[in-house]
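Chemist: Attaching a predicted model along with its sequence, questions to come.
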Amino acid sequence: MASDLSKKRDVDIKLSDNVDDILDDDSIDIVVEFMGGVEKPYKVVKKALKEDRIIPVFQKIEKKEGVTYECLVRIKEGNNLISPAVFLNIIKPTPYYFQLTKRMIEKSFKIFKDRTESISINFSYDDLENEEIKNFLIKKIN
């Protein structure tokens, strides 16, 4: 875990508004994790939601039926992407967890709206039991 956010990293993560730049770059398979006392994870998530820094990244899955992309949540922090391993379990009891889930659904659907590939989003049991999340997902699918 790195706690100095200004320290130069050996990892160069490409950030782009064009989903094709990211989906077609096989070198993007690295997540930078940090939190070592910088801020409490729930504060980082709250701030990222407010500043629209929730970023879906995509893992390509090739099946005989076609290509699927697994949608994975990350938080953009400068040129780094924070893994959910750092924050997800800590924010589960807070309202930010379901806000994060909705933001991921919204952004992933928007990115793949005009694409032919299918997507896969991982949901927890809590997500599927939450009426607001279920209704939001149904609305987005329809």
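Modeler: Arrived safely. Every value quoted in this text rests on a predicted model; they were computed, and no experiment measured them. Numbers count the residues shown, from 1 in each chain.

Chemist: hang on, V57 packs against R74?
Modeler: Yes - V57 lies in contact with R74 (CB atoms under 8 Å); the separation is 5.3 Å. All C-beta spots, glycine's among them, are computed from the backbone N, C-alpha and C.

Chemist: Who has more neighbours out of those two?
Modeler: R74 (21 against 18; other CB atoms under 10 Å).

Chemist: Neighbours of G66, how many?
Modeler: Residues within reach of G66, counting by other CB under 10 Å, total 10.

Chemist: quick one, what contacts it?
Modeler: By CB atoms under 8 Å, 6 or more residues apart in numbering, G66 lies in contact with 117-118.

Chemist: List the beta-bridge partners for it.
Modeler: Per DSSP bridges, the residues bridged to G66 are K63.

Chemist: Quick check: which element contains the residue nearest the centre of the chain?
Modeler: The centroid of the chain falls nearest to V73 when counting by CA atoms, centre = their mean (1.4 Å). According to DSSP states H and E, V73 maps onto strand 66-77.

Chemist: could you show me where the helices are in this structure, in order?
Modeler: Taking DSSP state H as the test, the helices found in the chain are 19-23, 41-50, 88-91, 96-112, 125-129, 131-141.

Chemist: Serialize those helices to JSON lines and add fields for mean neighbour count, mean pLDDT and distance to T68.
Modeler: As requested, the helices of the chain are exported to JSON lines (neighbours: other CB atoms under 10 Å; pLDDT from 0 to 100; distance: least, CB to CB, whole Å):
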{"stretch": "helix 19-23", "mean neighbour count": "15", "mean pLDDT": "49", "distance to T68": "12"}
{"stretch": "helix 41-50", "mean neighbour count": "18", "mean pLDDT": "90", "distance to T68": "26"}
{"stretch": "helix 88-91", "mean neighbour count": "16", "mean pLDDT": "87", "distance to T68": "22"}
{"stretch": "helix 96-112", "mean neighbour count": "18", "mean pLDDT": "94", "distance to T68": "10"}
{"stretch": "helix 125-129", "mean neighbour count": "12", "mean pLDDT": "90", "distance to T68": "19"}
{"stretch": "helix 131-141", "mean neighbour count": "12", "mean pLDDT": "92", "distance to T68": "16"}
